[in-house]
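**Q** could you look at this predicted model? Sequence included:
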Amino acid sequence: MNSVLVAQDLGKRYGRRWALRDCSLEIPAGHVVGLVGPNGAGKTTLLKLAAGQLVPSEGRLTVLGGQPDGSASQLAKVGFVAQDTPAYSGLSVEEHLRLGARLNPGWDAELARDRIAKLGLDPRQRAGKLSGGQRAQLALTLGLAKRPELLILDEPVASLDPLARREFLQGLMEAVVDHDFSVVLSSHLVSDLERTCDYLIVLIGSRVQVAGEVDKLLSTHHRLTGPRRDHLPSDQHVVSATHTDRQSTFVIRTDSPIHDPSWAVTQLTLEDLVLAYMATPGRVHAGPTLEVQR
Amino acid sequence: MIWLTWRQFRGSAALMGAVLALVGLVLVLTGPGMAAEYSKGLSNCLANGFCDRFYNDFFDRYQQPFLGVTLVVLVLPALIGFFWGAPLITRELENGTHLLVWNQSVTRSRWLAVKLLVIGLTVMAATCLLGLAVTWWSDPLDKSAADGWALMSPLVFDARGIVPMAYAGFAFVLGITTGLLIGRTLPAMAVTLLIFVGLQLAVPMLVRPHFQAPISANVALSGGNVEGFNRDPGGMGLKLRDQIPTDAGAWVLTNHLVNPQGRKLADGEVFPLTPEGDKACTPLSPSQVGQGDPMGACFAELNRLGYRQAATYHPTRSFWLFQGIETGIYAALTIALTWLCFWWIRRRSS
């Protein structure tokens, strides 16, 4: 399988503090990948490393087959929409497009113009006067019209209201359908990702807790509720467990069907699934996660 | 990239262009008249053989614009470093726009190189033009300068010729460097100003005097190097100007009155006079003076006795040599800082 991103023991240190450490993961091509995790998990650092904005302190990182070393050719392949979607407040929308056209050999002027027109943005409007949602759309337009093979978005909708959030993600989805490229999108809100992503990575404390296609994750994870019990069959991997005096609730992952009639089996939503992994931050599922990735 | 740099820079460039155009207009309008007045006055006074009074009057008349123009040239490089250099990158960092622009298909080095070249060269061209224009304009004033404002003296030298260009280029790159290293605008501005002003003080005090071995000379006394005297029952005392009569633009490093035995006298120290000297050095009433030198007889007698001004100085003819060396020093510093900027931006963690 083609990978857009491969990280091996990747680490980034600021002074003495490690923002990311021992991070190993592989992101397959052709997906809209959601990267979730609590604040401080290293999401932003990982994405900035992938975009070539940061240089790793240790480990190896390959993005689209190349090193994200800030070279022009590598920069051209990877689009990056930074957190809070920055834009030059003194430049107009039109001038932002001109900036993109001047600085990117693969610039798709038609795409950029069409998007701005469709969004109803006034090209002469200064970016400083745009609403948060409009500015995010402008930043997304810049990222899309660059025609990257991989578009990385770091918490692009975190500061947007629900409507702007939906419009932003919708715009992104339409672009993915129209032009074939991979997307990595980080968020700490699973609900954002649920509608958008077909692949999910849960990152906690620099470690990948679980990674896989959303459909597959949902079909292999179950919540079991039943009389209190401490052990489960070995093919059932326990993600989280809570017990009362008489009752046990497990979130498990398994590829096999569950036959035990004493369990009440319920489906998990994506949010339940992520929360189950987040609730057990101490555990590192380095080995088993690879099974799901296949 | 050039377009973007220019688009972000054009506001400040227009502002600077307007200020420089205004200053240039004033210089062009007043310069020729001043030069004509100077040459006319000079030929008049040369006919009388005594020009000290003309020099004084001429310089006094134009002292305000002289100081104003000199100040503009002195301050401009610091302002450029302060307002253009320091915020150039910190503004991007503070607004997060570096993440936007550094992810276009242009390397950071190229981005920085274009910014440095486009703005740096504009800045240097503008300050070079200003420096030379002011040098042209103030030529008559520099020739008749009062002591303390000699052409080679630190403050005036810094505002003439090509060194303003070197200062401006350096200040600009210094601002960028501190901005890159510190990452925040206000501290970067403060540090830029501190370093630049410190250097502007340190170089003339510690380094520039050694560009060349100064000339040591015993110079005859005249109105050009004696500021005043006091008569005393025991004789007279002289107060010297820090100026060389034959070289009004010279930078005087040490300056003493020596008696015929070669002993240095303190400033204003009273020495005895011969009866001839006593007569010659008695002040005349204005009606007796006419157009000539009121102290001419006195100076003639003191010089005959062997009193001299013992001075070490850098002569005006070294002006362009000093300008060249100073420009070279600042150019070297600028290049070193530029290298540091490129090295840093490649490995910088944003």
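**A** Received it, and whenever you're ready, just let me know what you need.

**Q** list the contacts of the strand or helix carrying residue A:276.
**A** Secondary structure assigned from DSSP states H and E places residue A:276 in helix A:270-278. When contacts are defined by C-beta atoms under 8 Å, 6 or more residues apart in numbering or on different chains, helix A:270-278 is touched by residues A:36-38, A:190-191, A:193-194, A:200, A:202, A:204, A:209-210, A:214, A:217-218, A:221, A:223, A:239-240, A:251, A:268. (Glycine included, C-beta is placed from N, CA and C.)

**Q** go again with 6 Å.
**A** For helix A:270-278, contacts defined as C-beta atoms under 6 Å, 6 or more residues apart in numbering or on different chains pick out A:36, A:190, A:194, A:202, A:209, A:210, A:221, A:239, A:240, A:251.

**Q** repeat for stretch A:85-95
**A** Stretch A:85-95 is touched from outside by A:121, A:123-128, A:135-136, A:138-139, B:96-97, B:99-100, with contacts defined as C-beta under 6 Å, 6+ apart.

**Q** may I see the buried residues of that stretch?
**A** Within stretch A:85-95, the residues scored as buried using 16 or more other C-beta atoms under 10 Å in any protein chain shown are A:85, A:86, A:87, A:88, A:91, A:92, A:93, A:94, A:95.

**Q** and the residues you listed as CSV, adding distance to residue B:106 and pLDDT?
**A** Written out in CSV, the entries for those read as follows (distance: C-beta to C-beta, whole Å; pLDDT from 0 to 100):
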residue, distance to residue B:106, pLDDT
A:85, 20, 89
A:86, 17, 90
A:87, 17, 92
A:88, 15, 92
A:91, 16, 91
A:92, 21, 92
A:93, 21, 93
A:94, 20, 92
A:95, 16, 93
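
**Q** which bits of the stretch 51-200 of chain A sit near chain B?
**A** A:51, A:53-54, A:70, A:72, A:75-76, A:80, A:82, A:86, A:88, A:99, A:102-105 (C-beta under 6 Å from any C-beta of the partner chain).

**Q** of these, just the buried ones, PyMOL syntax please.
**A** The command below creates a PyMOL selection of those among these that count as buried (16+ other C-beta under 10 Å):
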select buried, chain A and resi 51+53+54+70+75+76+80+82+86+88+99+103+104
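
**Q** just flag the most distant two among the residues of the stretch 51-200 of chain A next to chain B.
**A** Maximum pairwise distance in these, criterion C-beta to C-beta, is 25.1 Å, between A:54 and A:102.

**Q** need the contact partners of the helix or strand hosting residue A:116.
**A** In this assignment (DSSP H and E), residue A:116 forms part of helix A:109-119. For helix A:109-119, the surrounding residues in contact (C-beta under 6 Å, 6+ apart) are A:97, A:101, A:137, A:141, A:145.

**Q** please enumerate the strands of the stretch 51-200 of chain A.
**A** A:58-63, A:78-81, A:150-154, A:182-187, A:199-204 (DSSP state E, counting those that start in this stretch).

**Q** tell me where chain B has helices.
**A** All helices of chain B, identified by DSSP state H, fall at B:2-48, B:52-61, B:63-79, B:86-95, B:97-101, B:108-137, B:139-143, B:154-157, B:163-182, B:185-202, B:275-280, B:286-289, B:296-305, B:319-347.

**Q** buried residues, the last one. List them.
**A** Think helix B:319-347. Taking 16+ other C-beta under 10 Å as the neighbour-count basis, helix B:319-347 is seen to contain the buried residues B:319, B:322-323, B:325-327, B:329-330, B:333-334, B:337-338, B:341, B:345.

**Q** helices or strands up against it?
**A** For helix B:319-347, the contact count by 3 or more C-beta pairs under 6 Å, 6 or more residues apart in numbering or on different chains; DSSP states H and E identifies helix B:108-137, helix B:163-182 as packing neighbours.

**Q** just the buried positions in stretch A:161-169, please.
**A** Taking 16+ other C-beta under 10 Å as the criterion, stretch A:161-169 shows A:164, A:165, A:167, A:168, A:169 as buried.

**Q** now, among those residues, which is nearest to chain B?
**A** Closest to chain B out of those is residue A:168 (16.6 Å), distances taken as C-beta to the nearest C-beta.

**Q** appreciated, that's everything.
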